[in-house]
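S.K.: take a look and give me a structure for this.
(chains A, B, C and D)
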2 protein chains.
Amino acid sequence: MTKPTQKRGTGCPVTFALDSFGDRWSLIIIRDIMVHGKKTYTAFLESDESIATNILINRLKQLETDGIVKKTRDPENRRSYTYTLTSKGRDLAPVLMEMIRWSGKYDTRPEAMKDAANAITQDPEDFERRLRETAP
Amino acid sequence: MTKPTQKRGTGCPVTFALDSFGDRWSLIIIRDIMVHGKKTYTAFLESDESIATNILINRLKQLETDGIVKKTRDPENRRSYTYTLTSKGRDLAPVLMEMIRWSGKYDTRPEAMKDAANAITQDPEDFERRLRETAP
DNA sequence: TAAATTACTTGCAAAATGCAAGCAATAAGG
DNA sequence: CCTTATTGCTTGCATTTTGCAAGTAATTTA
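M.R.: This is a model prediction of the structure:
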């Protein structure tokens, strides 16, 4: 198994956060759960950014180890697993929201999707509530 | 020169943000400017996380390209340069703050520095104002 | 009972990161 | 001024991480 990113031992909160989810993929997975309501390995694989299978499983394991994601069996289908956020994971909603706001302000590309940023501006509490419910 | 992380072409705001600063080092540099008032190449080199020289210059160039950081000559010392945040860079303050809050809640290590998280809880507006001023 | 689904694993290539050394332009000290 | 120190880099190479393509095992569906 490929090793997850090594953690740095300083007490800095920014470093702690980066060591937990500051890589190219972890927050994409968290977004897929929070924003798109995805729950399964194959659902994560189908996202626009096309993560590789080995990286995906690696990040899922790391997020599970860090207590951000929880893996349970799907009672309906014994070959499927359900990945959900823990409260530690749901508490990343504000981080995600501020990133979305920032991008909404500075992403000038035509393909930029500003809907989420606008929704946050209109009613941030409601947006956060919906993220935490792990929409949709 | 080593190439910076390649950008993904989806319109997703989370992806846009990650492509701008979602690597192991960019936010550490931004933290050093905002939280510790660092301005120079050598000051960044001296941070606890010990970034390599080639990576540092690579990230500074990328942050400059992305309009997050601005590089100017130091009028006092012609061999020195000053790296400062643009307004686009200063607008990352809320992202940094939410990361600090999250770490304040979940970093249980003895070395965890919770001062910043506590300060944010007590007076978030003031904390943000000070970050934007590029304290100290 | 054969084919499809789901969740992975494995091997290898490419890219990013990290380390150590060196270098050029200034500035400071004797 | 002439040597040494400072500042901001660059370069080469080893290590680590990422990415791609293929394959596998346990179900489940047709």
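S.K.: so where's chain A uncertain?
M.R.: Counting by pLDDT under 70, chain A contains low-confidence ranges at A:1-5, A:135-136.
S.K.: just the strands in chain A please.
M.R.: Secondary structure of chain A (DSSP state E): strands at A:69-73, A:81-85.
S.K.: got those as CSV, with distance to chain B and mean neighbour count columns?
M.R.: In short, each C-beta sits where N, CA and C put it, glycine included. Putting these into CSV (distance: least, CB to the nearest CB, whole Å; neighbours: other CB atoms under 10 Å in any protein chain shown) gives the following:
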stretch, distance to chain B, mean neighbour count
strand A:69-73, 14, 14
strand A:81-85, 13, 17
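S.K.: of all those strands, which lies closest to DNA strand C?
M.R.: strand A:81-85 (4.6 Å; CB to the nearest atom of the strand).
S.K.: now do the closest one against strand A:69-73, angle only.
M.R.: For strand A:81-85 against strand A:69-73, the angle by axes from the mean of the first three to the mean of the last three CA atoms, to 10 degrees is 150 degrees.
S.K.: near DNA strand C at all, strand A:81-85?
M.R.: Yes - on the criterion CB under 7 Å from any atom of the strand, strand A:81-85 is in touch with DNA strand C at A:Y81.
S.K.: elements contacting that strand?
M.R.: helix A:26-34, helix A:41-45, strand A:69-73 (3 or more CB pairs under 8 Å, 6 or more residues apart in numbering or on different chains; DSSP states H and E).
S.K.: A:S47 contacts A:W25, correct?
M.R.: No - taking CB atoms under 8 Å as the definition, A:S47 is not a contact partner of A:W25, at 10.0 Å.
S.K.: in chain A, what residue is nearest DNA strand D?
M.R.: A:R78 (2.7 Å).
S.K.: how close does that residue sit to A:L60?
M.R.: 19 Å (CB to CB, to the nearest Å).
S.K.: this completes my enquiry, with thanks.
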